[in-house]
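Asker: Give me a model of this one.
(chains A and B)
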Amino acid sequence: MKGIFELNFKILIKLFTVFLKIGAFTFGGGYAMLPLIQKEAVDRQKWLKDEEILDIFAISQSIPGVIALNSAIFIGKRVAGTVGAIFSALGIILPSFLVILVIASLLVTVRDNIILDKFFAGIRASSTALILLAAIKMVKTGVKHKWGIAVALISFLMIVVFDIHALWAVTMGAISGIALYFLKRRPED
Amino acid sequence: MILLQLFLSFFKIGLFSFGGGYAMLPMIYREIEAFGLPMKEFSDVVAISQMTPGPIAINAATYVGYRSAGFLGSVFATTGVSLPSFILVFIIAAVFNKFQKNKIVQKALDGIRPATVGMIASAVVLFAETSILDLSLINEGFWKIFSLGSILIFFLTVIGSERLKLGPIALTFLGGILGVIIL
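Answerer: Coordinates of the predicted model:
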């Protein structure tokens, strides 16, 4: 009995530390984590096979939520059940959580510093460019049909012009996808 | 009460965000507005997220939570944004194959993908309002709203990314340093 517990505990700690490392050393958002997760879960720890991790990534990207977190929970669950999922999730979340906590508490005290203010103003300008570039790259993979252009445009207008919560843009996209499928299918039946 | 609001707001963000961190930005923008934080903090959140490890949504939840209600606020917001992942992964894991092959699910996702593109595009506009434009100067004449120094940094970043192939962390730091020099 004791042996089983120890074995489980070792796997749980491993899951936690592996995801903690990935969470602490990947900058630039969740997408950057996927190759690292693949390397650890498949090549190093041999928890999963290559096809399995690709399936997990595909599903993690098609359901809502933080993609890296979805993947970590998926892998943790596969390897060590519900508790495994919790340990993996904590590993991914904790580094961002702690780093932001420190920065947020420091920023309050140094927010009026003129140099820091200019530093952040510069970062805002470069971030605008980075987000624009991300949007342009997304157009290539996300908009494949004429109606896709319409959906993207309506979603944009809903948020920017009409100030509607983005969840309605997601809902609109889903409904239009399903509606189009049924409209197209009818004449063939 | 504010803790519950933080939890619910970020739970909603977690539940409706497809396509990665940038697509969440319009929703995060809305929450920052709703919790009465200055709009500049929206761009600060994103900027800090780009320089620190971890997913943007987790970073933003922690930041907004902390600024609105201290440490407990950050715990509630981060839990809120993470919980949908748990619930959905556990549901999906049970019906893994059926989910992937279901026609209706696939068609819904086909529609969500372009909607996500629209969301990221709207994030660009929301972001530009606090970075390369200053709408508060609109009364002093149309051309006054453009910040030339910021627009220069904007284009230098585009060149740095597309021609020099620099990564987002390097570009973010360079943007900050250029800001100190020219703004």
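
Asker: Output the residue of chain A whose distance to chain B is smallest.
Answerer: residue A:122 (1.8 Å; C-beta to the nearest C-beta). Just so you know, the C-beta spots here come from the backbone N, C-alpha and C atoms, and that holds for glycine as well.

Asker: What number of residues are in the vicinity of that residue?
Answerer: Here the number of neighbours of residue A:122 (other C-beta atoms under 10 Å in any protein chain shown) works out to 29.

Asker: what about it, which helix or strand?
Answerer: helix A:114-142 (DSSP states H and E).

Asker: and residue B:146, what are its phi and psi?
Answerer: Dihedral angles of residue B:146 (phi, psi; degrees, to the nearest 10) stand at phi -90, psi 130.

Asker: separation between it and residue B:42?
Answerer: 20 Å (C-beta to C-beta, to the nearest Å).

Asker: Can you tell me the closest non-neighbouring residue to residue B:108?
Answerer: What sits nearest to residue B:108 in space, not counting adjacent residues and going by C-beta to C-beta, 6 or more residues apart in numbering or on different chains, is residue A:174, at 4.0 Å.

Asker: So the one you found sits against residue B:112, correct?
Answerer: Yes. Under the criterion of C-beta atoms under 8 Å, residue A:174 is in contact with residue B:112, at a separation of 5.3 Å.

Asker: where does the spatially most central residue of chain A sit relative to residue B:93, distance-wise?
Answerer: Centroid-nearest residue in chain A, with C-alpha atoms, centre = their mean: residue A:67, separated by 2.7 Å. Remark: distance between residue A:67 and residue B:93 (C-beta to C-beta) = 16 Å.

Asker: on that earlier part again, for the residue of chain A closest to chain B, what are its contacts?
Answerer: By C-beta atoms under 8 Å, 6 or more residues apart in numbering or on different chains, the contact set of residue A:122 is B:150, B:153, B:175-180, B:182-183.

Asker: could I get these as CSV with pLDDT?
Answerer: Output for those, formatted as CSV (pLDDT from 0 to 100):
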residue, pLDDT
B:150, 90
B:153, 94
B:175, 91
B:176, 89
B:177, 93
B:178, 94
B:179, 91
B:180, 92
B:182, 90
B:183, 81
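
Asker: Among those residues, which one has the most neighbours?
Answerer: The most neighbours of any of these, using other C-beta under 10 Å, belong to residue B:153, which has 33 neighbours.

Asker: mind showing which ranges of chain A have poor pLDDT?
Answerer: The model of chain A has pLDDT under 70 over residues A:1-7, A:27-32, A:111, A:186-189.

Asker: State which one residue of chain B is found closest to chain A.
Answerer: residue B:179 (1.8 Å).

Asker: isn't that residue right up against residue A:120?
Answerer: Yes. Using C-beta under 8 Å as the test, residue B:179 is close enough to residue A:120 to be in contact (7.1 Å).

Asker: Please list the outside residues in contact with stretch A:155-164.
Answerer: For stretch A:155-164, contacts defined as C-beta under 8 Å, 6+ apart pick out A:166, A:168-169, A:172-173, B:26, B:114-119, B:121-122, B:125-126.

Asker: Which of those sits closest to residue A:10?
Answerer: Nearest to residue A:10 among the contacts of stretch A:155-164 is residue B:116, at 39.6 Å by C-beta to C-beta.

Asker: Give me the neighbour count for the closest one.
Answerer: 28.

Asker: can you state the direction angle for the helix or strand hosting it and helix A:114-142?
Answerer: Here residue B:116, judged by DSSP H and E, is contained in helix B:103-128. Inter-element angle recorded for helix B:103-128 and helix A:114-142: 150 degrees (by axes from the mean of the first three to the mean of the last three C-alpha atoms, to 10 degrees).

Asker: Pull the distance from helix B:103-128 to the chain's centre.
Answerer: The chain centroid and the centroid of helix B:103-128 are separated by 14 Å under C-alpha atoms, centre = their mean, to the nearest Å.
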